[in-house]
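**Student:** From the sequence below, what's the structure:
(2 chains)
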Amino acid sequence: MGSIPPILLLSDFGRQVCLEDRYTPAEIETKWRERWAESGLYRTPGAGGAPKYYCLEMFPYPSGNLHMGHVRNYTIGDALARFKRMQGYDVLHPMGWDSFGLPAENAGLAKGLHPARWTRENIAAMRRQLDRLGFSYDWEREVTTCLPDYYRFTQWLFLLFYRRGLAYRKKAPVNWCPKCSTVLANEQVVEGKCWRCDSDVTPRELEQWFLRITAYAQNLLDDLELLAGWPERVRTMQENWIGRSAGARIEFPLEDAGAGSWPESGSGSGERIAVYTTRADTLFGVTYLVLAPEHPLARRLADGNPELAAFLTRATAESERERTSAESEKEGVFTGAHCLHPFTGERLPVWVGNYVLYAYGTGAVMGVPAHDQRDYLFAVKYGLPVKTVVVEEGMPAGAAYEGPGVLVQSGEFTGLPSERAKTRIASALEAAGLGRTEVRYRLRDWLISRQRYWGAPIPMVYCPRCGIVPVPEADLPVRLPEAVEFKVGANPLAGVREFVETACPACGGPARRETDTCDTFICSSWYYLRYASPRADELPFRRADVDRWLPVDQYVGGVEHAVLHLLYSRFFTKVLRDAGMLGFAEPFQNLLTQGMVIKDGRKMSKSKGNVVSPDEIVARYGADTARLFILFAAPPEKDLEWSDHGVEGAARFLQRVWRLYAQGGGTGGGAAGEETPELRRLLHRTVKKVGEDLERFSFNTAISACMELVNALYAHRGEAGRTVPHATLATLAKILAPFVPFLAEEAWGSLRHAGSVHLEPWPIYDPEALVEAQVELALQVGGRVRDRITVPAAATAPEIEALTLNSARVRQYLDGKEIVRVVVVPGRLVNVVVR
RNA sequence: GCGGGCGUGGCGGAACUGGCAGACGCGUGGGAUUUAGGAUCCCAUGGGAGACCGUGAGAGUUCGAUUCUCUCCGCCCGCACCA
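**Tutor:** This next block holds a predicted model:
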């Protein structure tokens, strides 16, 4: 491992010698917090020879109150950062604020506080809370997304996307949250409800800004393979969300109406209805077509068809949730129109159905009731014919058969197996100009306009002459005006004349500014890059800096961002890579998703009255106890049940550690301790285990190993005349340092060391010290332990076997039995197999 | 419905590649110290009087299964009218 960062000269470190007998975390934690801040202990190292390690935790929204979930998230990250620092890495461990967003604005409305002030004060309060917990952040790299220095580049990046054809404006049906008075991206609608406020989302047709994330669908999907360091669960969620499907687009010519059932099309219009299907092999089983209620043709056909018009109105008014629930009753109306089968020319009725989604595929499907359960239900309900075209032995009757099989009644394709039929039919369609294979994704473009004030203004201008014009880079930032009037349900920006009225950057004529702001997920899609060059003012970040620090080696955060922040950030990274600003494809090498902190089996929440406040815990027990408990109580990815008794236990352990140092390692005082072979072995074993456990985030077992060591040290010094050696105490302080930085520092100082324990190299264990001369073996007969013997570690299998068969207790159980064989597992056990 | 994960003492959890189940902590019981309480220290603590029985239930593979395979039950998470 590379060298340790240049040691800061901290003349004041470690001068006190006698610790008081009582552990007073409030005092020592205050003291070290101040000294660490003064000495710049956690400043990011400059360019050095050591390998880098970028440890990042998801930055918080400054709600004003740190909760236990944050404490857990940041304690995990901090323990890792400290461990890596001691291992000799150049560590980047920054923190910042995801500080644009609705709560600030709502607080403004409720309390009459300006969002800027509310946010600023919350940041100050949370900063104090973070400091009290002893997290080793480099605050010189603090990033605050709501400051012009930052959002200027958020806007800059928006323009970059725009230039690359990845930001565009279009009118589309969108998700509207009435409570938040704004639209939402698909990712932000969970089961038909707003992810933030849980209100039912309603559909609206609006013109909005989108980022073309779908252009990266395949890339985002493919590169999941690079993310071996991510939990499989998160990868699967992204995979599902992207939702790739390979199928075919098939076009059905509309029949000439002749009789004029739909006047517009006239005769010989050549119009076609395109459908998307993954089952082109069932093409000959089509007995009707179904359009989504939003389909333009459906709307046209509704002209002069009151029944259809009424159905469309009803169906489109249904909420997303009603529309997409699998249990919803399938309903439809015949439009009166027909189309023709591309191969047989058969007349097929065109229906409109509520179960067809406009936003997926082409917004129209072919009805194959024999081979699709939904179509089957629909056909049975409305008396449409069912035509079987795929057969398989044992396929059920009286229901749709959705599996593969062999084609029947399918013209020239009859006799082909499903899979081959799919490709053959697609090629035939393509030859006839009536279709082709096509890959579709469930992922939709990211809707990023928000009709709210507290966000980065979208840097665009509407000019009556020139149309949509981007704000020139030189004019950034487009500043958010401070003096605005807040009204419920309205975007305050629209009411600020000095903001809205502007000159067109292209022609100089009067123009109007975009008043929508960016989704705050844009701000958080690139903040991890900004930490590399936090004060760069010419660009969002410098290439050399991101080359040095990125990608993030370890990202820690909640799983709730699996298809939000984590997907958006991957998208941003890929776009910036394609723009030549970055040299890597994935921003987060390794991801650790920590579990929730729960109490009484439920998520902590104000409404349930089961919230434990970090401030109270820190005030009562100190930060070290809080950190230790959180790391010890459960493995990081699992939910953690808060336990007051457990916290007491953590505090008790730290008391024990404290006394060890306060009493100089012995009760008699003074005498230099001696290291017994047993103690030496245990110490080295502990160093090994704690290091290995930290590498795999097994904080709970690492801490339990430290506890075992401390218990052994108590036993050691309990024996007459024995004292714990100085070197042992020094090593203990080092291995405790990632978990309990304050106590470790104080302990280190008590040993008359100069400098901070947090700059010490991580101890190295001596493999030879682990070797035991004697090992205890369990002696089994028929798999049951009957005796134990201690043998030299080097004993050979035949020797061990002989000793085993010599054991009186073993022989007792062998009486009258035949020995089939003897299994010797070196160092562990012997099993005598009998019959 | 589909996919994934998890079921271990009174509780949180250990057991990493199949090898002594229950590390560590909490709780509980006992003891020491103390006028007393608290704090501290020490001992015990899966069940059973015992032979033995025990990792959700049942089967299988193996000398040996918490660990691997199959079936079932329960809980959690994700996806779900995506054509």
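**Student:** which residue packs closest to residue A:350, ignoring adjacent ones?
**Tutor:** What sits nearest to residue A:350 in space, not counting adjacent residues and going by C-beta to C-beta, 6 or more residues apart in numbering, is residue A:337, at 4.4 Å. Any C-beta I mention is one placed from the backbone N, CA and C, and that applies to glycine too.
**Student:** Let me see the backbone angles for that neighbour.
**Tutor:** phi -90, psi 160 (degrees, to the nearest 10).
**Student:** Just give me the neighbour total for it.
**Tutor:** By other C-beta atoms under 10 Å, the residues close to residue A:337 number 24.
**Student:** And it, how far from residue A:535?
**Tutor:** Computed as C-beta to C-beta, to the nearest Å, the residue A:337 to residue A:535 distance reads 64 Å.
**Student:** and the next element down the chain from whichever strand or helix holds residue A:82?
**Tutor:** Using DSSP states H and E, residue A:82 maps to helix A:68-86. Remark: after helix A:68-86, the chain's next helix or strand is strand A:90-92, criterion DSSP H and E.
**Student:** Spell out which parts of the stretch 101-250 of chain A neighbour RNA strand B.
**Tutor:** Residues of the stretch 101-250 of chain A found near RNA strand B (C-beta under 7 Å from any atom of the strand) are A:232, A:233, A:236, A:237, A:240, A:241, A:243, A:245, A:247.
**Student:** Looking at those residues, spot the one nearest residue A:609.
**Tutor:** Taking C-beta to C-beta as the measure, residue A:609 lies nearest residue A:233 of those, at 30.9 Å.
**Student:** I figured the closest one hits residue A:559, correct?
**Tutor:** Yes - using C-beta atoms under 8 Å, residue A:233 is in contact with residue A:559, at 7.1 Å.
**Student:** residues shared between the contacts of those two?
**Tutor:** Counting by C-beta atoms under 8 Å, 6 or more residues apart in numbering, the residues touching both residue A:233 and residue A:559 are residue A:593.
**Student:** and the stretch 551-700 of chain A, which of its residues are near RNA strand B?
**Tutor:** Counting by C-beta under 7 Å from any atom of the strand, the stretch 551-700 of chain A sits next to RNA strand B at A:563, A:632-635, A:638-641, A:643, A:645-646, A:648-650, A:652-653, A:655-656, A:659, A:689, A:692, A:698, A:700.
**Student:** Name only those of these that count as buried.
**Tutor:** A:563, A:632-634, A:640-641, A:646, A:649-650, A:653, A:659, A:689, A:698, A:700 (16 or more other C-beta atoms under 10 Å).
**Student:** Which ones among those residues map onto helices?
**Tutor:** Judged by DSSP state H, helices contain the following of these: A:632, A:646, A:649, A:650, A:653, A:659, A:689, A:700.
**Student:** Do a quick rundown of the helices in the stretch 601-750 of chain A.
**Tutor:** Assigned by DSSP state H, counting those that start in this stretch, the stretch 601-750 of chain A shows helices spanning A:614-621, A:623-632, A:644-662, A:677-695, A:699-718, A:726-736, A:741-750.
**Student:** Looking at residue A:233 and residue A:559, which one has more neighbours?
**Tutor:** Using other C-beta under 10 Å as the criterion, residue A:233 and residue A:559 rank with residue A:559 on top: 16 against 12.
**Student:** Now do the contacts for the more buried one.
**Tutor:** By C-beta under 8 Å, 6+ apart, the neighbours of residue A:559 are A:231, A:233, A:234, A:593.
**Student:** So what would you say the end-to-end distance of stretch A:294-312 is?
**Tutor:** Terminal residues of stretch A:294-312 lie 7 Å apart, using C-alpha to C-alpha, to the nearest Å.
**Student:** Tell me the buried residues in it?
**Tutor:** A:294-295, A:297-302, A:305, A:308-309, A:311-312.
**Student:** Tabulate the helices of the stretch 601-750 of chain A (CSV), appending mean pLDDT.
**Tutor:** Shown next, in CSV, are the helices of the stretch 601-750 of chain A (pLDDT from 0 to 100):
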stretch, mean pLDDT
helix A:614-621, 93
helix A:623-632, 95
helix A:644-662, 91
helix A:677-695, 93
helix A:699-718, 91
helix A:726-736, 93
helix A:741-750, 94
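**Student:** JSON lines for the ones you listed, including distance to residue A:112?
**Tutor:** Formatted as JSON lines, those follow (distance: least, C-beta to C-beta, whole Å):
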{"stretch": "helix A:614-621", "distance to residue A:112": "26"}
{"stretch": "helix A:623-632", "distance to residue A:112": "35"}
{"stretch": "helix A:644-662", "distance to residue A:112": "38"}
{"stretch": "helix A:677-695", "distance to residue A:112": "48"}
{"stretch": "helix A:699-718", "distance to residue A:112": "44"}
{"stretch": "helix A:726-736", "distance to residue A:112": "48"}
{"stretch": "helix A:741-750", "distance to residue A:112": "40"}
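**Student:** neighbours around residue A:465, how many?
**Tutor:** Neighbours of residue A:465 under the rule other C-beta under 10 Å: 12.
**Student:** Please list all residues in contact with the one residue in the stretch 101-250 of chain A that gets nearest to RNA strand B.
**Tutor:** With C-beta to the nearest atom of the strand, the shortest gap between the stretch 101-250 of chain A and RNA strand B falls at residue A:245, namely 3.5 Å. Each residue near residue A:245 by C-beta under 8 Å, 6+ apart is listed here: A:278, A:439, A:440, A:441, A:442.
**Student:** one more time with 7 Å, if that's ok
**Tutor:** By C-beta atoms under 7 Å, 6 or more residues apart in numbering, the residues touching residue A:245 are A:278, A:440.
**Student:** Looking at the backbone only, give me phi and psi for it.
**Tutor:** The phi/psi pair for residue A:245 (degrees, to the nearest 10) is phi -140, psi 140.
**Student:** what's the distance between the residue nearest to residue A:657 when sequence neighbours are not counted and residue A:438?
**Tutor:** Leaving aside its chain neighbours, residue A:657 sits nearest to residue A:710 (6.0 Å; criterion: C-beta to C-beta, 6+ apart). Between residue A:710 and residue A:438 the computed distance is 65 Å (C-beta to C-beta).
**Student:** follow-up on the earlier one: now the residues of the stretch 101-250 of chain A next to RNA strand B in TSV, with secondary structure and pLDDT?
**Tutor:** Shown next, in TSV, are these (DSSP: H, G, I helix; E, B strand; the rest coil; pLDDT from 0 to 100):
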residue	secondary structure	pLDDT
A:232	helix	88
A:233	helix	90
A:236	helix	90
A:237	helix	91
A:240	helix	90
A:241	helix	91
A:243	coil	91
A:245	strand	90
A:247	strand	90
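**Student:** and which of these is nearest to residue A:131?
**Tutor:** Using C-beta to C-beta, these come closest to residue A:131 at residue A:233, 33.4 Å.
**Student:** how close does that closest one sit to residue A:563?
**Tutor:** 12 Å.
**Student:** Likewise for residue A:505?
**Tutor:** Residue A:505 is 36 Å from residue A:563, by C-beta to C-beta.
**Student:** Next: residue A:435.
**Tutor:** Distance of residue A:435 to residue A:563, computed by C-beta to C-beta: 32 Å.
**Student:** what does the stretch 251-400 of chain A put close to RNA strand B?
**Tutor:** Within reach of RNA strand B by C-beta under 7 Å from any atom of the strand, the stretch 251-400 of chain A has these residues: A:276-279, A:292, A:323-326, A:328-330, A:354-357, A:360-361, A:363, A:365-366, A:372, A:374.
**Student:** Pull out the buried members of those residues.
**Tutor:** A:276-277, A:279, A:292, A:323, A:330, A:354-357, A:360-361, A:363, A:365-366, A:372, A:374.
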